[in-house]
Structures are given as structure tokens and as C-alpha cells.
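Colleague: Just need the structure, nothing else, for what follows:
(one chain, ligands or ions: 1)
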Amino acid sequence: MVEMIPENCDHVVPDHDSKPSSASETIKTLEAATCELDGYVNDKGIATQEVEGSDLVDESSESNGTQEASSYQGQTLPILQKIIDLSAKIQDLKKDHTVLSDQVKLTTHSFPDPEVLNTIQLLSMEHELLKKKYLDESSERKRLYNEVIELKGNIRVFCRCRPLNPNEISTGSSSVIEFESSLDNELQVICSDSSKKQFKFDHVFRPEDNQEAVFAQTKPIVTSVLDGFNVCIFAYGQTGTGKTFTMEGTPENRGVNYRTLEELFRISKDRGGFMRYELCVSMLEVYNEKIRDLLVDSTNQPTKKLEIKQVAEGTIDVPGLVEACVYGFEEMWELLKSGSRARSVGSTSANELSSRSHCLLRVTVKGENLINGQRTRSQLWLVDLAGSERVGRIDVEGERLKESQFINKSLSALGDVISSLASKTAHIPYRNSKLTHMLQSSLGGDCKTLMFVQISPSASDLGETLCSLNFASRVRGIESGPARKQADLTELFKYKQMAEKAKQDEKETKKLQDGLQSLQLRLAAREHICRNLQEKVRDLENQLGEERKTRLKQETRAFAAASHQSSASSFRKQAAQKTAVEKKPPLAPSKSRLPLRRITNFMPPALPPKKPSYTTSVVPSSMDGKENISTTLAGRNQKSLILPRRISIAVRPPTTTTSQILQPKRRVSIATYRPEPNSHMTTPLHTSASRFNNGRQSFMRDPRKARYSRLFSPMPELTTEAETTPATMRRSSKFMGSPPAQLGSAKERHPTAVALQRKPVIWSPLKLRGMKNNRRPSLLLPSRVSYEMQ
Ligand SMILES: Nc1ncnc2c1ncn2[C@@H]1O[C@H](COP(=O)(O)OP(=O)(O)OP(=O)(O)O)[C@@H](O)[C@H]1O
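Modeller: So this is what the prediction gives:
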């Protein structure tokens, strides 16, 4: 009431010099005088309550009208007189004061020495400079402190003390909370033993601080959700301390939720030019350890059971929870109001509308930078916890008691989590309650967390207040690490998939490169082999050329020798024929008679009858070559065989398998033996030949008895009769037909080498003669033996 007087004084024109003309005027004069007196007294530091007559003045100020004043006139005349005396005294004192003030005033004349004045002026300038510096430093210190807090990632804690409520005032409850006027983030609690306990927080709101002041401090944190940070704000405190008031507020005093959403929409609109935002809201409550969707009208349908699931590393979600995307503030607010109405509230002795559950409002912000395309997906949790209360302190029973037990259990779990986080233990018991499980990423994760600790100033709540403040101090000590911008996980997933694909492609490329490298190596090796082979081929060709030359020379020499011998023998023959014509003696065998042209005669073995498929083309190799006889071996003329003659046989062994390679024709020269009836000339084959003859079988049937010239011998072997042994035959028979296995092995060799090896080098004058006549005397027919008869 005393404080009201100076306010009224503004409307009064004090006129100290004029005398009171009437009672009312006198009163007015007195009021003005008293006002001045109050101001004077206050200036002097004298307690206002101690000023005498202040009550009277107060009473006088309430009087209205002349009639009321005149009624006072009679009763208060001596008092008035006293007042007038006092007023006069005041006037005198004021005059004294003015005189004294004038005396004290420092002027340039006050100091005779101008140096003193200069010094004073310099000091005053310095003082101003220091003052400015101090202010600058102090704001810098605050900024740095905030930065340190940001880096440490401490959960920020704001303390809000509500005013004494009418109940407490009526019961005469006094305030136990003291605030230091110079320190805006500290408070003292006067304990029951009159000791004071000091608490320091990031900010302390006093009872007179309104909702705007609270939001002004909260705004920078909540709006960082638009920059891609996860934010969590929760109000903690004893029941009835103003948690719901701070978070939700009233229609006249909107709380943090309303103001935050309003601000989010305002900023997103402002940033519309370069950012696009999508805001979705979900609202749920944890009631008796059950999650309830507050945006679902569950009056007509059974409540859906909702569970907390870990969707990604460090990300918690509630599958099935309604997430409504809103595009305007009004729309969102209507949604939140309906959610708030669905919240479980009950009446307790401490709070008529006590929240019986933890209410969680989630705002999901999806942001897209229209300039660089960067996407973020962040969440803002606004949590109004149920009131912490000691069951014994409030009168609860039945359902309320059960609710209180659940509330306390979850808050105690929250306390355990906070303790574990503060002491940095390895295991944090987040899953001990639904509440802590939900707030897992907000409490120890990489989000910005703000806790409002709500307290009551009442002495009756001292114990609870100390508990809440101690808990809040522990929370403030948690170092959770700096907050991190949340990239949109869908984008991240996309990038992750792309990275995986790129990795696989890289692997594939590496594999292909390896394959290519090995192929290149193999190719190089093959090329090397090929080069070697080419060199070998060249060498062999050179050798072959040399060999051919040598053979040509040898053959020429041999041919010359043979033709000489032949002419000698024909001469002898002619002489013999002449003698025979003259005497006609029987042709007697002569042991001394050499086989024709030095080629050892032999009787070819009879061919087995089971091979009738052998077709023999017998070509009489008479000099004129006119007589050609083709016959099968079985049915040939026996008579013709007994004539001594030379035949040339081109042999191709019968193909036994379809895969057998066509063999080059092999040419053999056979000198047949004409057995003479009385001849006793014996050769190793003679006996068998005779036997065959006796048995009326053709000796030609037995291929073993055929004498083949050596095809691959560089020089024709001049075989003697003595050399015509079975062993020799065996050797010669090798050329009859190479076994398929040998053929196979020959196939793998280099074609030139094979050709060289296979080339039938037949030393035979006949061949030369045949070549001279420019004709091939034998046929190369598969499965047929060609005999070139001479
Ligand atoms: N700072 C404040 N200024 C004015 N009134 C306040 C303030 N804080 C709380 N109140 C009033 O106190 C009463 C209880 O507040 P509120 O319901 O918000 O408490 P609470 O902590 O949410 O309680 P509970 O935990 O039981 O839900 C309300 O009537 C509210 O208007």
C-alpha cells in the first residue's frame, strides 16, 4: 500500500509555497508534502514503514469529495496543525538540502589546481572505458560459456519457481526460495535449520517471470529442430508446481508448446525461399506403463497396443503411432487441443487437475534445402511429465494410488538413468521404463535437451523442492557430447545402397581385371611358345631342305649305280635268253642269283580270309603299262602270282574306328618270288611259301610274308637274304600300319614335324621312273591295298 503512494504522486501537482484555502486543499497539500517527504526519506535510506503518519496519508488518499473531508475537519484539526508544522519543517529542510547540495557541487572553481580537474576527468573517462570493456567481456564470457556447454553437450536445465498460490497465502505459508538480484541463474533455498542451499542452473525463472520470458530463453533451442537437430524439452517437478502450465499454458498464457509450434511455422515461412519443411505431429501418453495414442479417438474402439521399437542405431520409434502432417499452425493447434483433452487427468489433494500420465508431443520436421538439395529429418519432443510426489504426502487411494506408483516407478527409472549417465557407467538402464526407453536418444544421445525443473516456493514443499533441485543438478552434470545434425535417413539409406552397389561393381571390375591380366599372361606365354615353335619349324625346314638336297644327291648317285647295274643285268639276261632260245634249257634256280635290284625277295604272308574287304588293285608295272588287272586278293589269278615280278603297294590300313585319321598312302616295293618247281633255293620264308603253295593258297594272302621296303629310311636298305629274318620282318611290319595310339600321338605334334616324319621317302628307282613318267603308279584308296606290279 505504501508503494502505491508514489504512483499517485505523479498525478498531483505539488505547490509547496501556497497556503491551504480549504480542508480539501489542505489535504491535497498535505498529500503532496507527504509524497515529497517519502521521496526524501527514501533518498536518505530510511524505511518507509517507519515514517510517521503514513497510514493517515494512505487513509486520506482514499477520501473522495469535500463532504467526506469536512467530516474529518472537526476530528483532525490538531493533527492538521501538526502536519502543517511538519510541512513547514520539510520546507526548511529542503532549503537546507539545496544549499548544502550547491555547496558540495564540484565546479572548475572548486579546485584551484587545474591538474586535479584534468586527472579527475581522465579518471572518469577511464572509468567509462572500463565499464564498456566490462560489459563487452561479460557478454563474451556468456557466449563462450554457451559454446562450452554446447561442446560438452550438457543437458541444459532451467529452473522455474511458481508464485505462492492462494491456498498457500491463506495458510500463511512463507517462501523458502531466495533469488540473488545480480545473478540470474542462481537461487538459494532456506532450509528448515535456516541454512541456505545454493543451486545454479542455466537459467532461473522467478515467480514474477511470465510465459514470454520463459519462451525467450527456450526459443533458440527449440527452433534448432529446423536446422536438423533433435531436440527434447521436458518438464520435471513435484505435482502442482506448474509443469503443464509451462509446457501447455492456458488460453491467456500460452506455454512452450504453443509458442514453439507458432515459431516453427513462422520460421519455416520465412525460410520458404530456400528451404522446404514438412511438419508432422504425434501425441502419446505413457499411462500406467502403457503407451496410448492421443490422436486416436479410442472411445468407440479398443485401444491399440503400442510398443517401442529400435528402428535404426540409436533411433527409437513406435510403429503404428499416428503421425499427422500439418500445414498450418491453426490446424496443428486444433490437433494438439484434442490430444490434450484425451489425456488422463485426475484430481489429487495437491492438484485439482493433476496429470496422471507422462504426455509426449512429437514434432517431426523434414527439411529440404532447395539450393543444395540437402535433406534433414529431425524430431522435437515436448514432454510434460507426471508429477513426482510422495505417495504418503498426498491422499490417494485406489486407482490414483496405482497411478502414483507407476508414475513414481518411471520417475525413479529416470533418476537411475540420469545417475548412470552422470557417472558414465557402461550400462544405462533405459529399458527399465517406457518413459526412459522413449527418451533414450534425448537423454544420452546426440540431441539438444532442455529440462525445466519446476519448484514450489512454499515452505510446506521444502523437502520435495530440495529433491527436485538435487535431481536437476545431477541432470545438469551429464555430459552427453555435442549435438549432431540429423540427416534424412531415407537419403542415407539411398546413399548406402549406392555405396554398396559401387563396392560390388568395383569388386566385379577387379575380378574382370584379374581375369584379363591372367589371359594376357597366358597369351604372352602362348605367344612365346608359338615363337619357339616357329623357330623350331624354321630349323626343321632348314634341316629338311638340307636333307632333301643330300637325299637328292644320294638318290642321283644310287640311280646312276642302279641303272648301270640294270644295264649289266639286262645284258646278261639277253645273253641268257639267247642261249635259252638256242638250247631251251629249263630255268634252273641259281643260288648265286641275286634278288631283283638288290631288294630281298620274300613271300608275302597270306592275308587272313576273314578280311575280304581288302581290295587289291594290281597294276602290272610293265614298262609300257598297258596291262592293268584289278582283282580281289581272294580271287586273283594264281598264275599271275607265280611270275616273278615287282609290285608296288600303296597300303592304307582299314579304318577301325570312325575317328581314325586318314593315313597317308604308304608305298612299298615288293619283289615277288616265282617259285620254280625244282628250285631248292631257300629263304627264311621259302618254306612257308612252299607250304602255302602246296596248300593251294596264295602266299600273297599273308601280309606277314610280304617284304616291305623301309619307307622312312633315308637310304634304301640293301637287304641281303640273310637279313630277311623274322626280326627284320617285325621291324618292317611296323610300317604296315601304325597303331591308332601312335597316330594319336603323332597328331599332337607340330604339323611340319609330323609331315616331315610321315613323309614317305621311298627309295626306289621305280619311283623315280614313275616320277619321270609323270604319273603316280598307285592309287591311294582307303581300305585298299594297291600293288604296283612291275
Ligand atoms: N508460474 C506460474 N504462474 C502462475 N500460475 C502458475 C504458475 N505455475 C503454475 N501455476 C498454476 O498452478 C496450478 C498447477 O499447475 P500445473 O497444473 O501446471 O501443475 P503440474 O506441475 O502440471 O501438476 P501435475 O503434475 O499434478 O499435473 C495451475 O492452476 C497453474 O495455473
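Colleague: For the stretch 451-600 of the chain, what lies in contact range of the ligand?
Modeller: Contact residues, the stretch 451-600 of the chain versus the ligand (Cβ under 6 Å from any ligand atom): Gln454. The way it works is simple: take the backbone N, C-alpha and C, and place the C-beta from them, glycine included.
Colleague: Pick out the residue of the stretch 451-600 of the chain closest to the ligand.
Modeller: Sorted by distance to the ligand under Cβ to the nearest ligand atom, the residues of the stretch 451-600 of the chain start with Gln454, at 5.6 Å.
Colleague: that's a strand at that residue, yeah?
Modeller: Yes: secondary structure of Gln454 (DSSP: H, G, I helix; E, B strand; the rest coil): part of a strand.
Colleague: What is the burial count for it?
Modeller: By other Cβ atoms under 10 Å, the residues close to Gln454 number 30.
Colleague: for it, which residues make a bridge with it?
Modeller: Gln454 has the following beta-bridge partners by DSSP bridges: Arg160, Gly237.
Colleague: which ones are touching it?
Modeller: Contacts for Gln454 (Cβ atoms under 8 Å, 6 or more residues apart in numbering) come out as 160, 162, 235-238, 241-243, 246, 468.
Colleague: per-residue pLDDT, it?
Modeller: With respect to pLDDT, Gln454 scores 95.
Colleague: The one 4 residues further on now?
Modeller: Looking at Ser458, its pLDDT is 92.
Colleague: Kindly state the beta-bridge partners for it.
Modeller: Beta-bridge partners, per DSSP bridges, of Ser458: Ser175.
Colleague: which residues of the stretch 201-350 of the chain fall in helices?
Modeller: 211-222, 243-247, 256-270, 329-341 (DSSP state H, counting those that start in this stretch).
Colleague: tell me which residues in the first one are buried?
Modeller: Read that as helix 211-222. 211, 214-215, 218, 221-222 (16 or more other Cβ atoms under 10 Å).
Colleague: returning to that earlier point: go through the helices of the stretch 201-350 of the chain and name the closest to Ile120.
Modeller: helix 211-222 (41.0 Å; Cβ to Cβ).
Colleague: Return the residues of this structure in contact with the ligand.
Modeller: Counting by Cβ under 6 Å from any ligand atom, the chain sits next to the ligand at 162-163, 165, 237, 239-245, 351, 353-355, 386-387, 454.
Colleague: which one of the contacts of Gln454 has the most neighbours?
Modeller: Gly237 (31 neighbours).
Colleague: Quick one: residues contacting that one.
Modeller: Contacts of Gly237 by Cβ under 8 Å, 6+ apart are 243, 385, 387-388, 452-455, 468.
Colleague: Also Tyr277?
Modeller: Per Cβ under 8 Å, 6+ apart, neighbours of Tyr277: 226, 268, 271, 365-368.
Colleague: Next, format the buried residues of helix 211-222 as TSV and append pLDDT.
Modeller: TSV is the format used below for these (pLDDT from 0 to 100):
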residue	pLDDT
Gln211	95
Val214	94
Phe215	94
Thr218	91
Ile221	86
Val222	86
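Colleague: Of those, just say which sits nearest to Glu140.
Modeller: Closest to Glu140, out of all of those and judged by Cβ to Cβ, is Ile221, at 21.0 Å.
Colleague: I'd guessed that closest one sits against Val157; true?
Modeller: No: counting by Cβ atoms under 8 Å, Ile221 stays clear of Val157, with 11.8 Å between them.
Colleague: shared neighbours, those two?
Modeller: Here Ile221 and Val157 have Leu450 as joint contacts, going by Cβ under 8 Å, 6+ apart.
Colleague: give me phi/psi at Asn165?
Modeller: Here is the backbone geometry of Asn165 (degrees, to the nearest 10): phi -90, psi 160.
Colleague: Same question for Thr376.
Modeller: phi -130, psi 150.
Colleague: when you give positions from now on, start the count at 509
Modeller: Sure thing, new numbering starts at 509, so read that last one as Thr884.
Colleague: Name the nearest residue to it, ignoring sequence neighbours.
Modeller: Using Cβ to Cβ, 6 or more residues apart in numbering and skipping residues adjacent in sequence, the residue nearest Thr884 is Gly736, 3.4 Å away.
Colleague: So for that neighbour, what's the pLDDT?
Modeller: pLDDT, read off for Gly736, is 86.
Colleague: That one and Glu636, how far apart?
Modeller: For Gly736, the distance to Glu636 equals 44 Å [Cβ to Cβ, to the nearest Å].
Colleague: The two - which one has more neighbours?
Modeller: Legend: neighbour count by other Cβ under 10 Å for Gly736 and Glu636, higher for Gly736 (20 against 10).
Colleague: Hmm, Asp954 and the more buried one touching each other?
Modeller: No: counting by Cβ under 8 Å, Gly736 does not reach Asp954; the two are 11.3 Å apart.
Colleague: Between the contacts of Gln962, which sits nearest Glu688?
Modeller: Once Cβ to Cβ is applied, the member of the contacts of Gln962 that ends up nearest Glu688 is Arg668, at 16.3 Å.
Colleague: correct me, but that closest one touches Ile963?
Modeller: Yes: with contact defined as Cβ under 8 Å, Arg668 and Ile963 form a contacting pair (7.3 Å).
Colleague: Now do Gln913 against Val794, distance only.
Modeller: For Gln913, the distance to Val794 - Cβ to Cβ - is 14 Å.
Colleague: Could you do Arg1080 as well?
Modeller: Taken as Cβ to Cβ, the span from Arg1080 to Val794 is 137 Å.
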